[in-house]
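S.K.: Sequence below, structure please.
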Amino acid sequence: MTTDIHRTPVPFVRDDYIERMSGVVEDAVGAGLTGVIVAPGPDLVWLTGYQPTAITERLTMLVLSIDRDPTLVVPTLERPDAESAEGASAVTMVDWADGSDPYPLAGSLLTADGRFGISDSAWAMHLLGLQRARPAASFQSLSDSMPMMRAVKNAGELQRLALAGQAADATYEEIVKLRFAGRRETEVAADLARLLREFGHEQVDFTVVGSGPNGANPHHEAGEREIQAGDAVVLDFGGLMHGYGSDTTRTVVVGEPSAEVQKVHDIVRTAQQTAFEAVRPGVPCQDIDRAARAVITDAGYGDQFIHRTGHGIGVTTHEPPYMVEGEEQPLEPGMCFSIEPGIYLAGRFGVRIEDIVTVTESAGQRFNNTDHTIRIVE
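M.R.: Take a look at the predicted model:
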């Protein structure tokens, strides 16, 4: 898939949201559910295009079930915003006023003895209110009952992920032109955030800059450490562009790398490539993890690869499917996820290489295409 980084993707329309909601109802039936209850959060954005300006104590929920049209319950004062969402015309909207009890209204939309999946982001007070209104109904987490709800992307979603990946690549190509030595990690992180926005991101979620020993902490937040000559520096950054995520990691070195840094980098590079080559439809997610892990373990660094190989990405930067031991979900065309093996030597340095990939009809395709060889920076 080729894209122009400055291209505006085709907007999602009513039919896109109808297709998503219909698919969720079909999947819910397959999972033995009567329907699903979607609270404010990524699922609601994906299904309706609606994101409340602030997640408050007021009940907002989308009900999708086999026995009624999609219905969105909103506070009266927030109804105008909900009606302006891209997918608003695809739902029936009902509202409730401050001072009234919303749970009898919301409960009336649920089959009395139904089984419902509910968003993990739902407030406990709202779930308890629904249980009072429908005591014979049962509820279970959507992450348990329908974890792959958003996992398979359509063409419009793939286009957005490709654009986000290209913007992250452009950010990397610019950051390596800047000076690292003598600057604090926070300064480089600020440059990463600035560049992501310059290349089109509306939201920056993370800018990991782990220099020297800090690189051995996979989720190190940029700190005040001054980057020094000879440091390996892990750069992991991403966010949302056109509502879809980017996430890429490269490890650079300030000046010529030591023989050990070069060796470890070569191992991680081989592991990342081996895992990528394992991607194809029907392969269990755990096999991608196994492919990367086998390379690192065989090289003697198995105990220093301390996290899963990958995570899904879409309207959030972390979502199912996960490339981890025990996840037997088969890969399907349209699934998108990271491949990010790493080696972390405590107190010394770390190396990680990460691309976002998608599953095609026969293999994998990268959304990040910057060079995997070790990059020397000043």
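S.K.: Could I get the contacting residues of residue 206?
M.R.: 236, 237, 238, 239, 317 (Cβ atoms under 8 Å, 6 or more residues apart in numbering). All C-beta spots, glycine's among them, are computed from the backbone N, C-alpha and C.
S.K.: any idea which helix or strand carries it?
M.R.: strand 203-211 (DSSP states H and E).
S.K.: List the buried residues of that strand.
M.R.: By neighbour count on 16 or more other Cβ atoms under 10 Å, the buried set for strand 203-211 is 204, 205, 206, 207, 208, 209, 210, 211.
S.K.: strands paired with it, and their directions?
M.R.: Listed by DSSP bridges, the sheet partners of strand 203-211 and their directions read strand 232-241 (antiparallel).
S.K.: I'd like the average pLDDT over the partner strand.
M.R.: For strand 232-241, the mean per-residue pLDDT is 98.
S.K.: And for stretch 320-339?
M.R.: For stretch 320-339, the mean per-residue pLDDT is 98.
S.K.: thinking again about what came up before, could you single out the nearest of the contacts of residue 206 to residue 64?
M.R.: Of all the contacts of residue 206, residue 64 sits closest to residue 317, with 24.9 Å by Cβ to Cβ.
S.K.: Wait, a strand at the closest one?
M.R.: No. Applying DSSP: H, G, I helix; E, B strand; the rest coil, one finds residue 317 to be coil, outside a strand.
S.K.: since we're on the spatially closest residue to it that is not a sequence neighbour, how many residues are nearby?
M.R.: Using Cβ to Cβ, 6 or more residues apart in numbering and skipping residues adjacent in sequence, the residue nearest residue 317 is residue 245, 4.1 Å away. For residue 245, the count of nearby residues is 27 (other Cβ atoms under 10 Å).
S.K.: likewise residue 330?
M.R.: For residue 330, using other Cβ under 10 Å, the count is 13.
S.K.: same question, residue 364
M.R.: Using other Cβ under 10 Å, residue 364 has 22 neighbouring residues.
S.K.: again, but for residue 274
M.R.: Applying other Cβ under 10 Å, we find 18 residues neighbouring residue 274.
S.K.: so it is in which element?
M.R.: helix 259-277.
S.K.: What of residue 357?
M.R.: Applying DSSP H and E, one finds residue 357 within strand 355-359.
S.K.: could you say what helices and strands the helix or strand just after that strand packs with?
M.R.: As assigned by DSSP H and E, the chain's next helix or strand after strand 355-359 is strand 364-366. On a contact count with 3 or more Cβ pairs under 8 Å, 6 or more residues apart in numbering; DSSP states H and E, strand 364-366 meets helix 259-277, strand 355-359.
S.K.: which residues in the stretch 151-300 of the chain form helices?
M.R.: Here the stretch 151-300 of the chain has its helices, by DSSP state H, counting those that start in this stretch, at 155-175, 185-198, 259-277, 285-298.
S.K.: Rebuild the ones you listed as CSV, extending it with distance to residue 65.
M.R.: Shown next, in CSV, are the helices of the stretch 151-300 of the chain (distance: least, Cβ to Cβ, whole Å):
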stretch, distance to residue 65
helix 155-175, 25
helix 185-198, 40
helix 259-277, 39
helix 285-298, 30
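S.K.: Indicate which one of the ones you listed is closest to residue 31.
M.R.: Closest approach to residue 31 among these (Cβ to Cβ): helix 285-298, 18.5 Å.
S.K.: Identify each buried residue in the closest one, please.
M.R.: Applying 16+ other Cβ under 10 Å to helix 285-298 flags 285, 286, 287, 288, 289, 290, 291, 292, 293, 295, 296 as buried.
S.K.: quick revisit: tilt between the strand holding residue 206 and helix 185-198?
M.R.: Here the directions of strand 203-211 and helix 185-198 differ by 150 degrees (axes from the mean of the first three to the mean of the last three Cα atoms, to 10 degrees).
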